[in-house]
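[1] give me a model of this one.
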Amino acid sequence: MSRHWIAMVVFLGGAIVGIGSFARWGVERAAEKEQAESLRAQVAAILGGSHDPAEFPAMEKALSELLREHPENPTILLNLGILQGAQGQIDEAEASFSKVRGLDPQDYDALAELAAIAQLKGKTEAALDLLETIPPGKGRMVDRLRRDPNWIGLRSHPRMKALYEKHGLRPQSERSGSGS
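    Residues are numbered from 1 along each chain as shown. The predicted model follows:
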């Protein structure tokens, strides 16, 4: 299992239940809102805040079962992809994130995860191409640029410097202390 994916599960921690996806899911009626909250609670209960890799297979199984009941729910798919990646199932994770993008083209978390997979596969330029399409304030890019192991090693890359600026950050070398 890649240390990167364990770090990503820890990094995504509180946001792993897909806050943005539910907002974009477009639930309008009270019954749909109630169902969305119920699904969110179910996903949160499955994940339970655990970052123990020994629990990932059981969590993946529970999310897969929930996904069978709600096959077009981007939040379940996003979290399933994260767990798949954490277990080294990179191709499966990539497929899950691609499905999320098919269901919700504005899901920038899924796009950022696809970029991370491209980077893991050694396709840095393709990964940066994907990251550059994420608008400021979307996809939790500030946190990703600050903490994601995929991007920390690329801080001196000219395109990364532009991404830092786009998302209102200064490159690490220009920061003092924890700075912005």
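[2] okay, CA-based contacts and neighbour counts for the rest of this
    Fine.
[3] got any ranges where this protein has weak pLDDT?
    1-47, 49-50, 171-180 (pLDDT under 70).
[4] residue ranges for the helices of it, please.
    3-12, 19-24, 30-47, 56-69, 74-86, 90-103, 108-120, 124-132, 141-147, 149-152, 158-166 (DSSP state H).
[5] quick check: which of the ones you listed is buried the most?
    helix 74-86 (a mean of 26; mean count of other CA atoms under 10 Å).
[6] domain parsing of the chain, as residue ranges.
    3-106, 126-180 (automatic domain parsing).
[7] list the contacts for Ala115?
    Contacts for Ala115 (CA atoms under 8 Å, 6 or more residues apart in numbering) come out as 126-128, 130-131.
[8] what about Leu63, distance to Leu131?
    Separation of Leu63 from Leu131 (CA to CA, to the nearest Å): 27 Å.
[9] I misspoke; the intended subject was Pro53.
    28 Å.
[10] now do the contacts for the nearest residue to Ala118 once chain neighbours are set aside.
    Leaving out its chain neighbours, the residue that sits closest to Ala118 by CA to CA, 6 or more residues apart in numbering is Ala127, at 5.1 Å. Ala127 sits next to 114-119 when contact means CA under 8 Å, 6+ apart.
[11] turn those into TSV, including distance to Arg144.
    Shown next, in TSV, are the contacts of Ala127 (distance: CA to CA, whole Å):
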residue	distance to Arg144
Leu114	13
Ala115	11
Ala116	10
Ile117	14
Ala118	15
Gln119	13
